[in-house]
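Trainee: Quick one: sequence plus predicted model below, questions after.
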Amino acid sequence: MNHDLAGHPAIDPLDIQGRIDRLPPSPIMTLYMVLISLGVFWDTYMLYSIGPLSFHFVASHGQHALATRIPTMLFLGTFIGALALGRMADRIGRGRAFTLNLGLLAFGAVAATLAPLGPVFLLAIFIAGLGTGAEIPLSVTYMQEIAPSNRRGRMSSLMLTFGFCGGTVGGLLTWWLSQAAHLPLPGFRIALAIAALGAIVSVFLRLIVPESPRWLERVGRAAEAQAAMQRIERATHGSVAAAASVVKAAPLGGAGLAESRGSTLDLFRGGYLRRTLSAWIIEFLQGFGSYGFTTFVPIILYARGYTLLHALGYTALIQISYPVGTYLSSFVTDRIPRKWGIAGFYLLNMLAGLGFYFSSAPALVVVFGFLTEMLIFMDGPLLHTYEAEIYPTPLRGRGSATAFSVSRLGGFLAPLVAGIVVAHYGTHSAGPYLIVMAAGSWLLCALVAALLAVDTSGASLEQLELQAAPALARN
């Protein structure tokens with residue numbers, strides 16, 4: 001029999017797995033999906049509205065040096081937040097980590113709303129970035145741990161669909177505030193105030209979602225794990241009786257899983273080394289290409305003769321693709337091997353990005369821009385699902401968040417590299433170099449996924465853990 005960390009009998013992890021896998025589709029699971037997605041909503045809202053909006057408002061007042069530092073500080077905050085706060089989910093729980101992250105976002109957004117432009121404002125933006133940095137890996141981890149194995153990918157994609165609506169809302173808000181007159185506050189401060197209020201409300205709404213039974217069981221809180229599991233089962237209309245009537249599956253050679261706490265070094269041991277390398281390399285490359293493309297679409301359009309207002313308008317239209325892409329991914333993520341889905345969509349991403357650059361008619365610019373961003377957000381759910389499911393429960397928070405932080409590092413470096421390119425070649429000549437960097441990154445993502453990533457589709461989280469468990473046992 002397995003025991004918890006205090007030496008008392010623990011719930012068999014495969015019992016928790018079996019009960020979760022038998023959960024039927026229900027409205028309450030949809031509600032959990034939407035509430036978990038709120039963290040992603042405010043993360044994408046900040047990244048795709050506050051950075052560009054602040055840049056254009058501050059630059060319009062002649063403070064170009066400060067304007068360039070705003071998205072840089074935001075990306076730096078998200079990188080450090082993902083790296084430092086992601087592991088907190090393994091220590092304090094998924095729910096408390098969610099509260100901590102959104103609390104930091106709210107504090108930073110309020111401070112930025114009130115702060116004068118300058119160092120204090122940049123510090124506040126950095127703090128807000130800290131709060132959003134780990135939201136995507138945390139939310140995917142949370143969703144995967146309460147979702148049945150055969151619907152894990154789809155539910156993660158649908159959760160991200162709701163979440164990425166934040167980027168669409170932010171993009172449309174950016175376009176509207178950029179041309180609105182007689183506002184009581186500068187537009188970027190209004191957008192920040194909205195983020196602060198939304199984060200505070202989201203903290204309280206999220207309390208409806210139970211803590212992850214898998215996490216509770218693995219840290220030895222067996223009674224709480226049982227209570228959380230029963231709460232989920234009761235909410236899904238009678239599945240407690242269904243679960244009780246099914247014979248528990250025999251352990252798959254996984255004795256001792258409940259006792260393993262894991263360490264960060266385990267990310268690089270045995271069977272996890274390949275998984276970690278595949279996730280890190282793809283995340284860095286896609287972050288560099290995707291965030292670079294999104295950030296500099298207005299620059300590319302402006303350099304080709306579009307007015308700044310039209311460039312922002314086209315960007316807002318393109319950003320509608322965010323929830324469209326994640327929604328479409330929900331139909332394929334559990335039907336094709338995850339690694340081949342990632343490889344195929346990134347290859348299409350490269351082709352669409354090249355089509356965007358070589359388009360001359362406004363309609364084609366919007367169409368190929370839409371397709372490029374849509375494919376980015378079709379790939380995203382597959383990749384985020386992959387980077388969470390390749391790790392065991394004791395490592396899932398830090399493993400997925402650390403991998404995701406590498407994406408933020410790529411996103412942080414992309415504007416810096418592109419800025420050097422623009423400074424060297426000029427705004428009107430930098431376009432080819434910017435698009436080649438993005439397209440080349442996506443091509444490399446496809447190659448790494450095909451050659452290095454492991455297949456995870458269809459297996460339970462515990463089965464995926466058992467594939468690499470011998471390496472942990474030897475260490």
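Mentor: All right, it came through fine.
Trainee: Identify the residues contacting the nearest residue to residue 396 once chain neighbours are set aside.
Mentor: Using CB to CB, 6 or more residues apart in numbering and skipping the chain neighbours, the partner closest in space to residue 396 is residue 141 (5.1 Å). For every residue, glycine as well, the C-beta is placed using N, CA and C. Residue 141 sits next to 89, 94, 212, 388, 396, 397, 400 when contact means CB atoms under 8 Å, 6 or more residues apart in numbering.
Trainee: Looking at those, spot the one nearest residue 225.
Mentor: Within the contacts of residue 141, proximity to residue 225 (CB to CB) peaks at residue 212, which comes in at 8.7 Å.
Trainee: neighbours around the closest one, how many?
Mentor: 28 (other CB atoms under 10 Å).
Trainee: just to confirm, which helix or strand has the residue nearest to residue 396 in it?
Mentor: Applying DSSP states H and E as the criterion places residue 141 in helix 135-146.
Trainee: So what's the gap between the helix or strand following that helix and the chain middle?
Mentor: Next in sequence after helix 135-146, counting helices and strands by DSSP H and E, comes helix 152-179. Relative to its parent chain, helix 152-179 has a centroid offset of 12 Å by CA atoms, centre = their mean, to the nearest Å.
Trainee: ok, residues contacting the next helix or strand after helix 152-179?
Mentor: Later in the chain than helix 152-179, the nearest helix or strand by DSSP H and E is helix 187-205. The contact list for helix 187-205 (CB under 8 Å, 6+ apart) reads 35, 38-39, 41-42, 45-46, 49-50, 53-54, 57-58, 98-99, 102-103, 105-106, 109-110, 112-113, 128, 131, 170, 173-174, 177-178, 180, 183-185.
Trainee: Please narrow those to those residing in helices.
Mentor: Residues of the contacts of helix 187-205 located in helices (DSSP state H): 35, 38-39, 41-42, 45, 53-54, 57-58, 98-99, 102-103, 105-106, 109-110, 112-113, 128, 131, 170, 173-174, 177-178.
Trainee: buried subset of these?
Mentor: Neighbour-count burial (16 or more other CB atoms under 10 Å) applied to these gives 35, 38-39, 41-42, 45, 53-54, 57-58, 98-99, 102, 105-106, 109-110, 112-113, 128, 131, 170, 173-174, 177-178.
Trainee: right, and the secondary structure at the closest residue to residue 231 other than its chain neighbours would be what?
Mentor: Once flanking residues are discounted, residue 231 sits nearest to residue 210: 5.0 Å by CB to CB, 6+ apart. On the three-state scheme (DSSP: H, G, I helix; E, B strand; the rest coil), residue 210 is labelled coil.
Trainee: Enumerate every residue touching residue 210.
Mentor: Applying CB under 8 Å, 6+ apart to residue 210 gives the contacts 146, 228, 231, 232.
Trainee: still on that earlier bit, any idea of the pLDDT on the residue nearest to residue 396?
Mentor: Note on residue 141: pLDDT of 89.
Trainee: For residue 27, see how far away it is.
Mentor: 23 Å (CB to CB, to the nearest Å).
Trainee: What's the separation between residue 280 and residue 20?
Mentor: Taking CB to CB, one finds residue 280 at 28 Å from residue 20.
Trainee: between those two, who's got more neighbours?
Mentor: Using other CB under 10 Å as the criterion, residue 280 and residue 20 rank with residue 20 on top: 24 against 20.
Trainee: what are the phi and psi angles of the closest residue to that one other than its chain neighbours?
Mentor: Closest residue to residue 20 apart from its sequence neighbours, by CB to CB, 6+ apart: residue 148 at 6.0 Å. Backbone torsions for residue 148, taken as degrees, to the nearest 10, come to phi -60, psi 150.
Trainee: ok, now which ones touch residue 148?
Mentor: Going by CB under 8 Å, 6+ apart, residue 148 touches 20, 21, 22, 23.
Trainee: Now list the buried members of these.
Mentor: Neighbour-count burial (16+ other CB under 10 Å) is assigned, among the contacts of residue 148, to 20, 21, 23.
Trainee: could you measure the last one against residue 214, distance?
Mentor: Applying CB to CB, the value for residue 23 to residue 214 is 13 Å.
Trainee: for the first one, same thing?
Mentor: Residue 20 sits 8 Å away from residue 214 when distances are taken as CB to CB.
Trainee: Show me whatever sits in contact with both of those two.
Mentor: Both residue 20 and residue 214 are in contact with 145, 146, where contact means CB under 8 Å, 6+ apart.
Trainee: Disregarding residues adjacent in the polypeptide, which is nearest to residue 153?
Mentor: residue 333 (3.5 Å).
Trainee: What are the boundaries of the strands in this protein?
Mentor: Here the chain has no strands by DSSP state E.
Trainee: Tell me who's in contact with the spatially most central residue of it.
Mentor: Centroid check for the chain by CA atoms, centre = their mean gives residue 136 as the closest residue, at 2.8 Å. Contact analysis of residue 136 by CB under 8 Å, 6+ apart lists 39, 40, 43, 160, 163, 384, 404.
Trainee: Identify the farthest-apart pair in these.
Mentor: Most distant of the contacts of residue 136, by CB to CB, are 163 and 404, 13.5 Å apart.
Trainee: before we move on, the earlier item: read off the pLDDT value for the residue nearest to residue 231.
Mentor: For residue 210, pLDDT reads 91.
Trainee: Would you map the helices across the stretch 201-350 of the chain?
Mentor: Using DSSP state H, counting those that start in this stretch, the helices of the stretch 201-350 of the chain run over residues 213-218, 222-235, 239-244, 271-303, 308-319, 321-329, 338-358.
Trainee: any idea which of those is most buried?
Mentor: Mean neighbour count (mean count of other CB atoms under 10 Å) peaks for helix 213-218 among the helices of the stretch 201-350 of the chain, with a mean of 26.
Trainee: what's the average pLDDT for that one?
Mentor: 88.
Trainee: Mind giving me the packing neighbours of that helix?
Mentor: helix 13-21, helix 135-146, helix 222-235, helix 393-425 (3 or more CB pairs under 8 Å, 6 or more residues apart in numbering; DSSP states H and E).
Trainee: If we use 10 Å, what do you get?
Mentor: Helices and strands touching helix 213-218, by 3 or more CB pairs under 10 Å, 6 or more residues apart in numbering; DSSP states H and E, are helix 13-21, helix 88-92, helix 94-114, helix 135-146, helix 222-235, helix 393-425.
Trainee: and the nearest residue to residue 121 once chain neighbours are set aside, how many neighbours?
Mentor: In this structure, residue 121 finds its nearest non-sequential neighbour in residue 115, 4.4 Å apart by CB to CB, 6+ apart. Neighbour count for residue 115, taken as other CB under 10 Å: 18.
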